[in-house]
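sequence plus the predicted model coming up.
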Amino acid sequence: MKTFFFKILLTGLALFLLATNVSAQDVETTASSDMEAASIVKSGDIAPDFTVQMLDGSSFRLSEAKGKVVLLNFWATWCPPCMVAFKEIPEKIIKRFEGEKDFVFIPVSREETFATVQKKMIELKEKGIDFPVGLDPDRKVYDLYAKSFIPRNYLIDRDGKVITATIGFNPTVFEDMIEKIAELIK
């Protein structure tokens with residue numbers, strides 16, 4: 001009896017999938033187009049200027065970094081892919097480009113309080129993840145660049161043009177971006 005119901009269930013599922021014409025490629029294409037639609041700033045655009053307060057009390061203004069290569073990263077404490085990327089950053093970005101005066105890494109926390117970001121950065125520091133971060137509690141800076149989805153990275157050249165804009169964390173894309181940083185600061 002169980003086998004009979006299982007066959008009916010599988011047949012029904014197969015008919016449903018055929019009727020709705022759903023495929024993995026369709027889902028991937030829809031997700032990709034949703035991400036693209038959520039992007040305001042894209043590769044080739046001039047990066048909008050902004051100022052953020054840093055966790056240490058200082059401030060960062062993008063236009064003051066003109067002439068330098070900038071990696072702008074939007075993240076949040078609750079975002080698992082952001083935390084995966086953060087584990088890679090000390091070794092692959094901070095140490096690799098340490099002392100490089102023509103490179104700036106500016107991670108900006110989206111829609112979180114000072115206290116939340118401070119607590120997370122203290123936790124991360126205990127794990128060897130330590131670098132300055134900016135705050136965008138009202139999402140004003142993020143809204144200049146995108147409508148949704150994090151993490152986001154914008155690699156900006158010396159003239160303020162976005163060279164690479166990425167969404168999410170993909171190790172291959174991350175490595176490619178790091179190599180592009182090295183090329184741009186030569």
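Perfect, thanks for sending it.

low-confidence ranges in this protein?
1-35 (pLDDT under 70).

which residues in it form helices?
2-20, 24-37, 80-89, 114-125, 142-145, 171-185 (DSSP state H).

domain map for the chain?
For the chain, automatic domain parsing gives the domain ranges 1-37, 41-185.

need those domains in CSV (columns: mean neighbour count).
Backbone N, C-alpha and C define where each C-beta goes, glycine included. Converted to CSV, these look like this (neighbours: other CB atoms under 10 Å):
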stretch, mean neighbour count
domain 1-37, 10
domain 41-185, 16
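
so residue 174 touches residue 85, yeah?
Yes - counting by CB atoms under 8 Å, residue 174 touches residue 85, with 6.8 Å between them.

and residue 171, how far from residue 88?
8 Å (CB to CB, to the nearest Å).

and the gap between residue 112 and residue 132?
16 Å.

go on, residue 88?
Residue 88 is 17 Å from residue 132, by CB to CB.

how close does the nearest residue in space to residue 128 that is not next to it in sequence sit to residue 124?
Using CB to CB, 6 or more residues apart in numbering and skipping the chain neighbours, the partner closest in space to residue 128 is residue 90 (6.1 Å). Counting by CB to CB, the gap from residue 90 to residue 124 is 9 Å.

which residues do these two both contact?
residue 130 (CB atoms under 8 Å, 6 or more residues apart in numbering).

I'd say residue 72 and residue 110 touch.
No - applying CB under 8 Å, one finds residue 72 not in contact with residue 110, separated by 11.7 Å.

not counting its own residues, what contacts stretch 101-116?
52, 55, 60, 62, 65, 67-77, 86, 89, 93-94, 97, 117, 131-139, 141-142, 150, 158, 181, 185.

one more time with 7 Å, if that's ok
The contact list for stretch 101-116, computed with CB atoms under 7 Å, 6 or more residues apart in numbering, reads 52, 60, 65, 68-77, 93, 97, 117, 131, 133-137, 139, 141-142, 150, 181, 185.

ditto for stretch 153-169
Counting by CB under 7 Å, 6+ apart, 35, 39, 41-47, 66-73, 81, 84-85, 145, 149, 151-152, 173, 177, 180-181, 184 sit against stretch 153-169.

if you set the cut-off to 6 Å instead, what comes out?
35, 41-43, 45-47, 67, 70-73, 81, 84-85, 149, 151-152, 173, 177, 180, 184 (CB atoms under 6 Å, 6 or more residues apart in numbering).

start and end of it, how far apart?
End-to-end distance of stretch 153-169 (CA to CA, to the nearest Å): 9 Å.

residue 73 - nearest residue in space that isn't next to it in sequence?
Per CB to CB, 6+ apart, closest to residue 73 is residue 107, 4.2 Å.

that neighbour and residue 182, how far apart?
Taking CB to CB, one finds residue 107 at 19 Å from residue 182.
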